[in-house]
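Participant: sequence and computational prediction follow.
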Amino acid sequence: MTTDAPAPQPTWTPAWDRAEGEERARALFAATFESPPDGVRSAPGRVNLIGEHTDYNGGLALPIALPHRTYAAVARRDDDLVRLVSAQEPSGVREVRLADAVPGAVTGWPAYVVGVAWALREAGHAVGGFDVAIDSCVPFGAGLSSSAALEAAVAVALDALFGLGLAGTVVDGAADDDAGRAALADLCVRAENEMAGAPTGGMDQAASLRARAGHALLLDCRDGAVRHVPFDLAAHDLALLVVDTRAPHSHVDGEYAQRRAACERAATLLGAPDLREVAQDADLRARADAALADQPDGEVLVRRVRHVVTEIDRVTAFVGRLEDGDVRGVGPLMDASHASLRDDYEVSCRELDVAVAAAREAGALGARMTGGGFGGSAVALVPAERLDAVAGAVAAAFDAAGLRAPAFAVAVAAPPAG
Ligand code: GLA
């Protein structure tokens, strides 16, 4: 006789409301530095709806900002010292002199904070020392861009603290100075690439700084142009379930850099400035496979390129369906994106595949990994009344596969940094 173990209950990761997040950062600041901060700013994590590993190829991506945010309480100093503390880091207060803050000199999480100050100074902005206390409800290492949320929160906090005038204001979930925010996003990317040493593209920082509540951000990564596409799932009785697989992942490691390098090499071999060009030039696209086939790793390059060019097509199709009101019709595009990332781009993993398959079997209209991959999170488009059932089915599938219990969140398109 067997006894049935009780079904595992899904664990949810709720977003804090803004007042709570601000109060936490303020309290940490006051307890650490024994004075109140000058102000608190915050910035969201993101999920990408579609358009994965396209940003560094000059392609299209379609992220939304999450309601989960990172909060930065800051105060100005009159020297060049940065003192940092984070509720998520047990290491206590860290101190860095801006004069010493050069690429390679700052390690760990302070690189993301100090890196933003460094990038602003490199761009000629008058940024001096400051104290900062960080608290966050963006799950760390979950592929939801906790690092971009940290950079963007610090960027808008320093913008206010030093009167840089780049971030503008956010009214009704929309920022009023997109050009200034695009400049801040570029500086956050510099911080991440050069100070933190992670060779990521620009999607995450753009999502955190330039997204709009109730909309997905159609990002053209070639020229930085954006379009805000209405994205209100509740109006269609749908919801976006985020499955944090809790499988470890890191972009600083070599796989991400290898994918990026393969794409750049393929573009060079094809005589194109980037793979976006291949996606939109029918002639180039038609001869790409043959042109790459005689490389020693030709078969791999063909698949990498195929992922990128078909993924760019899928972003366009996804936006088209949203704009036609066919929101359910985006499901098959999500499925196709996942298959392409798994088979052609090879950035999925067992946990992500289990999450996607279990969500689909339990009634999701489409599901895919989101973010860089190799762990992190998946997203599933589900009928609103099936949210708990799909989460329960995914939790049960993880349990049955002997995997660590995942965590769940609900994604709605939330306001940008501010
Ligand atoms: C990570 C990077 C982004 C992007 C995605 C994949 O999230 O930070 O720049 O390349 O992976 O789409």
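Facilitator: Yep, it's here.
Participant: what does the protein have sitting close to the ligand?
Facilitator: Neighbours of the ligand within the chain, by Cβ under 6 Å from any ligand atom: 48, 52-53, 55-56, 200-201, 203-204, 251, 371-372. Using the backbone N, CA and C atoms, a C-beta is placed for each residue, glycine as well.
Participant: how about a cut-off of 8 Å?
Facilitator: By Cβ under 8 Å from any ligand atom, the residues of the chain that approach the ligand are 48, 51-56, 61, 143, 145, 147-148, 192, 198, 200-204, 251, 256, 260, 371-373.
Participant: of those residues, which belong to strands?
Facilitator: Counting by DSSP state E, the part of these found in strands is 48, 61.
Participant: so how do I select the buried members of the residues of the chain next to the ligand in PyMOL?
Facilitator: In PyMOL syntax, the buried subset of the residues of the chain next to the ligand is picked out as below (16 or more other Cβ atoms under 10 Å):
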select buried, resi 48+51+52+53+54+55+56+61+143+145+147+148+192+198+200+201+202+203+204+251+256+260+371+372+373
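Participant: for the chain, which spans come out with low pLDDT?
Facilitator: Residues of the chain that meet the criterion pLDDT under 70 lie in 1-3, 249-252.
Participant: buried set for the top strand by length along it?
Facilitator: Of all the elements of type strand in the chain, the one with the most residues (DSSP E) is strand 63-76. Buried residues in strand 63-76, counted by 16+ other Cβ under 10 Å: 63-75.
Participant: one step back: out of the residues of the chain next to the ligand, which are inside helices?
Facilitator: If you go by DSSP state H, these have 147-148, 203-204, 256, 260 in helices.
Participant: Throw those into CSV and include distance to Glu385, thanks.
Facilitator: Converted to CSV, these look like this (distance: Cβ to Cβ, whole Å):
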residue, distance to Glu385
Ser147, 35
Ala148, 33
Met203, 31
Asp204, 31
Tyr256, 37
Arg260, 41
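Participant: count of residues packed around Val327?
Facilitator: 19 (other Cβ atoms under 10 Å).
Participant: these two touch, right, it and Ala239?
Facilitator: No: with contact defined as Cβ atoms under 8 Å, Val327 does not reach Ala239; the gap is 11.3 Å.
Participant: so for those two, which residues contact both of them?
Facilitator: Taking Cβ atoms under 8 Å, 6 or more residues apart in numbering as the contact rule, Val327 and Ala239 both touch Leu233.
Participant: quick one: the helices in this structure?
Facilitator: Going by DSSP H, the chain shows helices at 18-33, 110-122, 146-161, 178-190, 203-210, 254-269, 275-280, 282-293, 298-323, 331-343, 350-361, 387-400.
Participant: helices and strands around the fifth one, which ones?
Facilitator: So the one you mean is helix 203-210. On a contact count with 3 or more Cβ pairs under 8 Å, 6 or more residues apart in numbering; DSSP states H and E, helix 203-210 meets strand 39-48, strand 63-76, helix 146-161, helix 178-190, strand 215-220.
Participant: same thing but at 10 Å, please
Facilitator: Helices and strands touching helix 203-210, as assessed by 3 or more Cβ pairs under 10 Å, 6 or more residues apart in numbering; DSSP states H and E, comprise strand 39-48, strand 60-61, strand 63-76, helix 146-161, helix 178-190, strand 215-220, strand 226-230.
Participant: many thanks, we can stop here.
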